[in-house]
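[1] below are the sequence and a predicted model for it; my questions follow.
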Amino acid sequence: MKKHPLLGEASNTERKVEQMQKRIAILTGGGDCPGINPVIRAIVRKAVRHNYHVIGIKNGWKGLIEKNVVSLDLGSVSGILVKGGTILGTSRTNPFKNKEDAEIGINNFKALEIEALIAIGGEDTLGVASKFSQQGLNIVGVPKTIDNDLSGTDRTFGFDTAVNIATEAIDRIHTTAESHHRVMVVEVMGRHSGWIGLEAGLAGGADIILIPEFPIDLDEICATIKKRHERGKTFSIVVVAEGAKFKEGTEVLQDKEKDAFGHVRLGGIGQVLCEEIQKRTWFETRVTVLGHIQRGGTPTAYDRVLGTRYGIKAMQMVLDKEFGKMASLCGTEIVSVPLEKAVGEVKTVPPELYEMAKVFFG
Ligand code: F6P
């Protein structure tokens with residue numbers, strides 16, 4: 001990636017050519033996830049065809065405040081389709097935490113002379129995008145998160161990869177659980193929604209799935225495990241989402257500190273559950289926390305294609321001047337929806353889906 005000519009060292013000819021071209025910028029914010037690079041690649045490939053020059057803003061909104069930018073050309077996006085993470089880097093910076101940063105962001109947007117910014121992110125990044133858009137900046141959003149908790153789209157990219165990683169882990173846990181006749185608790189991510197837990201639990205044949213949307217009833221789950229063992233099974237797999245909470249309790253946190261968007265760090269419910277299950281059932285119980293493994297590595301084919309479709313749509317939205325909107329999957333179509341629709345409220349697992357999953361409990 002080259003330093004952007006308007007900011008770094010560049011020949012006069014290079015500068016002139018790029019000044020004549022229309023310009024867009026891309027940034028990636030929040031937690032990284034597999035599939036971001038395919039989005040960036042698709043945007044750049046389509047942008048170049050339309051004679052746009054593309055600027056990459058480094059490390060999310062932090063890069064806009066710091067004016068930390070690079071040039072993105074065909075060479076910069078070559079070979080990144082299979083690469084996890086984001087070539088642009090990311091951060092959880094919230095420019096609206098103080099008025100000054102938001103103003104700097106707006107001024108830098110103007111100084112970069114970009115026609116539009118494509119923001120690739122989840123609830124927080126797109127929340128900022130929506131606020132900047134309301135202040136008159138031309139912004140297009142792309143829905144990214146392994147949690148799949150964004151409203152306004154049927155699927156975020158990254159989710160499929162996370163579900164596949166978690167499913168493979170559950171498959172592997174099965175063989176060791178069976179050999180040792182243990183209860184194995186597998187803690188997955190997902191923040192305040194249970195999509196990863198539900199889908200990985202279903203695909204991995206978990207015996208119990210616990211997600212934030214439906215409080216944990218310890219008596220009920222211990223009874224379910226005991227019943228399963230009474231019918232001859234000597235092991236059980238319990239999938240628990242990090243945001244799940246006991247009927248009478250609150251979420252289990254790694255620490256109480258909040259990030260720039262006011263989020264606490266979830267994690268630890270698996271260990272608490274493990275101890276309670278062992279205490280109440282007398283079955284030997286172990287816990288595995290999948291953590292950031294769910295966010296790392298190469299995207300699945302599904303996420304590569306979804307990311308590519310989102311990138312192409314986002315660039316088309318720039319060409320069509322559809323600003324203040326987000327590319328979205330609606331059924332099998334990629335459409336555009338207002339950014340506010342995406343950040344209004346967290347998309348949670350509906351009761352009917354959880355009821356369906358319960359058929360396989362025990
Ligand atoms: O939003 C994605 C996510 O992976 C959540 O599932 C998880 O709670 C959080 O990010 C972890 O954030 P961090 O990378 O800051 O530890």
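    Received, thanks.
[2] every contact and neighbour count from this point should use C-alpha atoms.
    Fine.
[3] who is T28 paired with across the strands?
    Per DSSP bridges, the residues bridged to T28 are I120.
[4] what sits closest to the residue in the stretch 201-350 of the chain positioned nearest to the ligand if chain neighbours are left out?
    Closest approach between the stretch 201-350 of the chain and the ligand, counting by Cα to the nearest ligand atom: L266, at 5.7 Å. The shortest distance from L266 to any non-neighbouring residue, by Cα to Cα, 6 or more residues apart in numbering, is to L253 (4.4 Å).
[5] need the pLDDT of the one you found.
    On pLDDT, L253 comes in at 95.
[6] neighbours around it, how many?
    Number of residues near L253 (other Cα atoms under 10 Å) recorded here: 15.
[7] backbone phi and psi for it, please?
    With angles defined as degrees, to the nearest 10, L253 sits at phi -110, psi 150.
[8] R191 versus that one, what's the distance?
    11 Å (Cα to Cα, to the nearest Å).
[9] give me the common contacts of these two.
    L266 (Cα atoms under 8 Å, 6 or more residues apart in numbering).
[10] now the lengthiest helix in the chain: mean pLDDT?
    Ranked by number of residues, the top helix in the chain under DSSP state H is helix 159-180. Mean pLDDT, taken over the full extent of helix 159-180, equals 98.
[11] mind listing what's buried along it?
    Within helix 159-180, the residues that qualify as buried are 159-167, 169-171, 173-174, 177-178, counting by 16 or more other Cα atoms under 10 Å.
[12] tell me what it is packed against?
    If contacts are counted by 3 or more Cα pairs under 8 Å, 6 or more residues apart in numbering; DSSP states H and E, helix 159-180 sits against strand 183-188, helix 195-203, strand 236-241, helix 301-319.
[13] mind putting the ones you listed in TSV, mean pLDDT included?
    Output for these, formatted as TSV (pLDDT from 0 to 100):
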stretch	mean pLDDT
strand 183-188	98
helix 195-203	98
strand 236-241	98
helix 301-319	98
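[14] what's the spacing between the residue lying closest to F246 once chain neighbours are set aside and V359?
    Closest residue to F246 apart from its sequence neighbours, by Cα to Cα, 6+ apart: I216 at 4.4 Å. Remark: distance between I216 and V359 (Cα to Cα) = 17 Å.
[15] with L198 instead?
    The value you get for L198 to V359, if Cα to Cα is used, is 13 Å.
[16] repeat for K62
    46 Å.
[17] looking at the two, which is more packed in?
    Set K62 next to V359 and count neighbours by other Cα under 10 Å: K62 wins out with 21 against 9.
[18] follow-up on the earlier one: count the residues that sit near the residue of the stretch 201-350 of the chain closest to the ligand.
    20.
[19] phi, psi for the residue nearest to the spatial centre of the chain please.
    Of all residues in the chain, the one closest to the mean position by Cα atoms, centre = their mean is T145, 1.3 Å from it. Dihedral pair for T145: phi 180, psi 140, per degrees, to the nearest 10.
[20] which residues touch it?
    Contacts for T145 were tallied using Cα under 8 Å, 6+ apart; they are G31, D32, C33, G121, G122, T156, F157, G158, F159.
[21] can you list the residues of this structure near the ligand?
    G31, T145, I146, D147, M189, G190, R191, L266 (Cα under 6 Å from any ligand atom).
[22] among these, which are in helices?
    Using DSSP H, none of the residues of the chain next to the ligand sit in helices.
[23] just these: which are in strands?
    L266 (DSSP state E).
[24] please parse this structure into its domains.
    2-157+299-342, 161-295 (automatic domain parsing).
[25] in CSV: these, plus distance to P351.
    Formatted as CSV, the domains of the chain follow (distance: least, Cα to Cα, whole Å):
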stretch, distance to P351
domain 2-157+299-342, 15
domain 161-295, 8
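[26] nearest to L353, out of those domains?
    Shortest distance between L353 and these, using Cα to Cα, is found for domain 161-295: 8.5 Å.
[27] ok, back up a step: which pair of the residues of the chain next to the ligand spans the longest distance?
    T145 and L266, at 16.0 Å, using Cα to Cα across the residues of the chain next to the ligand.
[28] in the chain, which spans are strands?
    2-3, 22-28, 52-57, 69-72, 116-121, 139-143, 183-188, 208-210, 236-241, 253-258, 264-266, 285-289, 325-330, 333-338.
[29] residue ranges with poor pLDDT in the protein?
    1-19 (pLDDT under 70).
[30] and P299, how many neighbours?
    Neighbours of P299 (other Cα under 10 Å): 30.
[31] check contacts around it.
    P34, G35, V82, K83, G84, G158, T161.
[32] one more time with 6 Å, if that's ok
    When contacts are counted by Cα atoms under 6 Å, 6 or more residues apart in numbering, P299 touches P34, G35, T161.
[33] repeat for T332
    Contacts of T332 by Cα under 6 Å, 6+ apart: none found.
[34] now with 10 Å?
    Neighbour list for T332: D154 [criterion: Cα atoms under 10 Å, 6 or more residues apart in numbering].
[35] coming back round to it: so the residue nearest to L266 is in contact with G268, correct?
    Yes - counting by Cα atoms under 10 Å, L253 touches G268, with 6.4 Å between them.
[36] mutual contacts of these two, please.
    What both L253 and G268 touch, as defined by Cα under 10 Å, 6+ apart, is the set E242, G243.
[37] looking at the contacts of T145, which is nearest the ligand?
    Among these, and counting by Cα to the nearest ligand atom, the member closest to the ligand is G31, at 5.2 Å.
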